[in-house]
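S.K.: Following is a predicted model, sequence given first.
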Amino acid sequence: MYRKVRYTRLLLLVLGWTGITMLSTLFFRYDEDLYERIVNVYLNEPKFSEDRLIAKLKQLNVRYPHIALAQARIESGNYRSTIFLENNNMFGMKQAKSRINLAAGTKRGHAYYDKWEDSVLDYAYWCATYANKCRSEDDFYNLLSSYAEANYYESALRKTIEVNNLKSKFK
């Protein structure tokens, strides 16, 4: 008696699920874009775009946001580098040891973040900690050059800003 009831319930459950699935396909058209938006909202992880990065830099009131945008482009290889794609790290940050940070750990020698927004917020923390005494863009460029691994970093930033007219994105 016990087995018969258990199998009957299982059969009803399977038939019920099949019926619901069939009905949903009749009444609702599958829309991949809608599915992706729902998943992104559900996971609360908006897909990265440069427009979202610009909005986040504005929201955080980052000083010299055009320089930050140029850094993001250079450090992330125009948002295609492995460090950016796997670590959500668009600024090439290492994991901080002596300041507040949002890094979840280290992968490939760089900090990794749960989402790209955390990388931007960590950059803002870095600026608040180390760039707060910079009184001009030149001071900020000098600070960045002292951290950069490449000798040509400042000139690369300036050229990226000029060629892409990045200052206009923050007016």
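M.R.: Okay, I see it. Residues are numbered from 1 along each chain as shown.
S.K.: Quick check: the gap between the residue lying closest to residue 111 once chain neighbours are set aside and residue 89.
M.R.: Leaving aside its chain neighbours, residue 111 sits nearest to residue 103 (3.6 Å; criterion: Cβ to Cβ, 6 or more residues apart in numbering). All C-beta atoms are positioned from the backbone trio N, CA, C, and that covers glycine. Between residue 103 and residue 89 the computed distance is 8 Å (Cβ to Cβ, to the nearest Å).
S.K.: So which of these two has more stuff around it?
M.R.: Each of residue 103 and residue 89 has its neighbours counted (other Cβ atoms under 10 Å); residue 89 has more, 28 against 21.
S.K.: Name the residues that touch stretch 104-124?
M.R.: 45-46, 48, 53, 56-57, 60, 62, 68, 71, 82-84, 86-96, 101-103 (Cβ atoms under 8 Å, 6 or more residues apart in numbering).
S.K.: 6 Å instead?
M.R.: Outside stretch 104-124, the residues within contact range by Cβ atoms under 6 Å, 6 or more residues apart in numbering are 45, 48, 56, 60, 62, 83, 87-91, 93-95, 101-103.
S.K.: for this protein, what spans make up the strands?
M.R.: Along the chain, counting by DSSP state E, strands occupy 105-107, 110-112.
S.K.: The last one - which strands sit beside it in the sheet, and in what orientation?
M.R.: Looking back up the chat, that one is strand 110-112. Next to strand 110-112 in the sheet, as set by DSSP bridges, lie strand 105-107 (antiparallel).
S.K.: mind checking how far residue 122 is from residue 107?
M.R.: 15 Å.
S.K.: Looking at these two, which one has more neighbours?
M.R.: Set residue 122 next to residue 107 and count neighbours by other Cβ under 10 Å: residue 122 wins out with 22 against 15.
S.K.: and the more buried one, how far is that from residue 145?
M.R.: In this view, residue 122 and residue 145 are 20 Å apart by Cβ to Cβ.
S.K.: Thanks a lot, see you next time.
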